[in-house]
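A.B. asks: return a 3D structure for these sequence lines:
(4 chains)
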2 protein chains.
Amino acid sequence: MKQAPANTRFAAVAVDIVIFTIIDDVLCVLLGIVDRPPHYQNIEACIGGLVEVNETTEAALHRHLQTKTTLQNLYIEQLYTFSEIERDKRNRVISVSYLGLVRQSEDVTSLPEGLRWCPVHELPKLAYDHSDMFAVAYSRLKGKLAYTTIAQFLLPKTFTLTELQRVYELITGAHIDKRNFRKKLLSLDVVKETGRMQEGMKNRPAALYTFKTTKLVELPLLT
Amino acid sequence: MKQAPANTRFAAVAVDIVIFTIIDDVLCVLLGIVDRPPHYQNIEACIGGLVEVNETTEAALHRHLQTKTTLQNLYIEQLYTFSEIERDKRNRVISVSYLGLVRQSEDVTSLPEGLRWCPVHELPKLAYDHSDMFAVAYSRLKGKLAYTTIAQFLLPKTFTLTELQRVYELITGAHIDKRNFRKKLLSLDVVKETGRMQEGMKNRPAALYTFKTTKLVELPLLT
DNA sequence: GCAAAAGTGTTAGGTATACACCCATGC
DNA sequence: GCATGGGTGTATACCTAACACTTTTGC
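C.D. replies: All right, here's what the predicted structure looks like:
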């Protein structure tokens, strides 16, 4: 195993991830119970864990996600590195934080013991500096919504245009005109009709769309 | 001094900074000679250094800037954290990188031995993963130029509108119409006339402007 | 008076916004 | 047939983009 330089026994490096999803028309974030007396008891935080000497921060993140959740196919991007000396009152830990998005689907709601989806508007005070971390993540999400197709990672692979519009409305908090939204979106040439229709609705069924690519595309989706 | 957890003797954490400035109408980046045999000889890199256990990454960055350069009043923002295991062939080092901008002024060109300003279009292959780091920094700079007033940190405190326009043209590589640029800029209400004029020009002297605030302001400065 | 850069308005085309009604389905 | 959300077009205001000449200064 590759060693750190002998004279630089350093702080631990950790990764933490702020994971968003939409459940029942509410934007939620994944929180886990922290139980680390004396400083952190009866308090929640984003999930994460230490980085080993022989793994990248991305590898560490995936390892912690696998051992602590059953979530699959997340969209992940690096967010910010937090290094305040007292950010973890127990030890010196530098944290590389990530933003994660999970598509809406059934298995999202089946979480292991100790984890929960918390609506972002009911967020409690979090352990460590995770309240700041959440704020950075939420701000990044809002920002990227406007000029990328990041919303796709909060929706099922196929979705109705109304569902996509709701993602924008939920996260920006603003009402969007249905006709203008569709006109703009279709002009950007990033989604295509699947030809299939929503089923089991008690009203007129909506056409199902899908993004042309699962990559994040940069373009001004909202003005 | 606060200790790292006993069981987490970790890789070193470093900071590195990609510093841009404009010299003689050319966008340049600060490089320093690296001399670390056997892997890194006769090669340049961005400046940086290790983070100590009892300092934040920002504090470490300022410490290394002070000891290695005479630059003052930089604009600095965190960029990205690089953690590839082999990114430094000598030891495991995670690097928190920063973007730095220095205003054009005389003292910018008086650099200590071993440092130089390299035009971004003549950039050599850099040590470690600093070529990637540069690419991320350059991309961030281009991106933020479009929707913030970040250009102010590449200009003297007072400047002419033509100088400001040149910053945009240099970094985006696109020609901008003078009349449209001025109209847009003035409508955004971020700069004000100082009332003073450029002196010593062999042509008509230009009015000197200044930004209303030295904070970074977010707004669409370019379409 | 000539060279060099500063400064200034108008028009046309495209984009954003505001707005209301009919349609398809389940019950 | 009624309640529910799906789906569609137009008119206006605004913003963007293209474009050329006069002004001021140093030499």
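A.B. asks: surely A:Phe214 and A:Gln152 touch.
C.D. replies: Heads up, residue A:214 is Thr, not Phe. Yes. Checked against C-beta atoms under 8 Å, the pair A:Thr214 and A:Gln152 is within contact range at 7.2 Å. The C-beta positions use only the backbone N, C-alpha and C, and glycine is treated the same way.
A.B. asks: more neighbours, these two?
C.D. replies: A:Gln152 (24 against 13; other C-beta atoms under 10 Å in any protein chain shown).
A.B. asks: that one and A:Phe211 touch, don't they?
C.D. replies: Yes. Counting by C-beta under 8 Å, A:Gln152 touches A:Phe211, with 4.6 Å between them.
A.B. asks: and chain A, which of its residues are near DNA strand D?
C.D. replies: With C-beta under 7 Å from any atom of the strand as the criterion, chain A meets DNA strand D at residues A:160-162, A:178-180, A:182-183, A:202-207.
A.B. asks: the longest helix anywhere in chain A close to DNA strand C?
C.D. replies: Ranked by residue count under DSSP state H, the longest helix found in chain A is helix A:130-147. No. Contact of helix A:130-147 with DNA strand C is not found when judged by C-beta under 7 Å from any atom of the strand; the minimum separation is 11.3 Å.
A.B. asks: what about that helix, distance to the chain center?
C.D. replies: Distance, stretch centre to chain centre, for helix A:130-147: 9 Å (C-alpha atoms, centre = their mean, to the nearest Å).
A.B. asks: ok, stretch A:202-213 next?
C.D. replies: Relative to its parent chain, stretch A:202-213 has a centroid offset of 24 Å by C-alpha atoms, centre = their mean.
A.B. asks: report the buried residues of the helix or strand encompassing A:Thr162.
C.D. replies: Element membership for A:Thr162 (DSSP states H and E) is helix A:161-172. Within helix A:161-172, the residues scored as buried using 16 or more other C-beta atoms under 10 Å in any protein chain shown are A:161, A:163-168, A:170-171.
A.B. asks: which other helices and strands contact it?
C.D. replies: Secondary-structure packing of helix A:161-172 (3 or more C-beta pairs under 8 Å, 6 or more residues apart in numbering or on different chains; DSSP states H and E): strand A:26-36, helix A:130-147, helix A:178-188, strand A:207-211.
A.B. asks: nearest to B:Val26, of the ones you listed?
C.D. replies: Closest approach to B:Val26 among those is made by helix A:130-147 (29.4 Å; C-beta to C-beta).
A.B. asks: and the angle for the closest one with helix A:161-172?
C.D. replies: Between the axes of helix A:130-147 and helix A:161-172, defined by axes from the mean of the first three to the mean of the last three C-alpha atoms, to 10 degrees, the angle is 140 degrees.
A.B. asks: hmm, helix A:130-147 in reach of chain B?
C.D. replies: No. With C-beta under 8 Å from any C-beta of the partner chain as the measure, helix A:130-147 is seen stopping short of chain B, the closest distance being 8.6 Å.
A.B. asks: and what of stretch A:177-192?
C.D. replies: No. Stretch A:177-192 stays clear of chain B (C-beta under 8 Å from any C-beta), getting no nearer than 15.7 Å.
A.B. asks: who touches that stretch?
C.D. replies: With C-beta atoms under 8 Å, 6 or more residues apart in numbering or on different chains as the test, stretch A:177-192 has contacts from A:149, A:161-162, A:164-165, A:168, A:209-213, A:217, A:219, A:221.
A.B. asks: and with 10 Å instead?
C.D. replies: The set of residues external to stretch A:177-192 that reach it, using C-beta atoms under 10 Å, 6 or more residues apart in numbering or on different chains, is A:148-149, A:152, A:159, A:161-162, A:164-165, A:168-169, A:176, A:193, A:209-213, A:217, A:219-223.
A.B. asks: hang on, the earlier thing: identify the contacts common to A:Gln152 and A:Phe211.
C.D. replies: With C-beta under 10 Å, 6+ apart as the test, A:Gln152 and A:Phe211 both reach A:159, A:164, A:190-191, A:217.
A.B. asks: mind giving me the domain ranges of chain A?
C.D. replies: Domain segmentation of chain A under automatic domain parsing yields A:12-130, A:150-211.
A.B. asks: put together a markdown table for the ones you listed, with mean pLDDT on each row.
C.D. replies: Formatted as a markdown table, those follow (pLDDT from 0 to 100):
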| stretch | mean pLDDT |
| --- | --- |
| domain A:12-130 | 96 |
| domain A:150-211 | 96 |
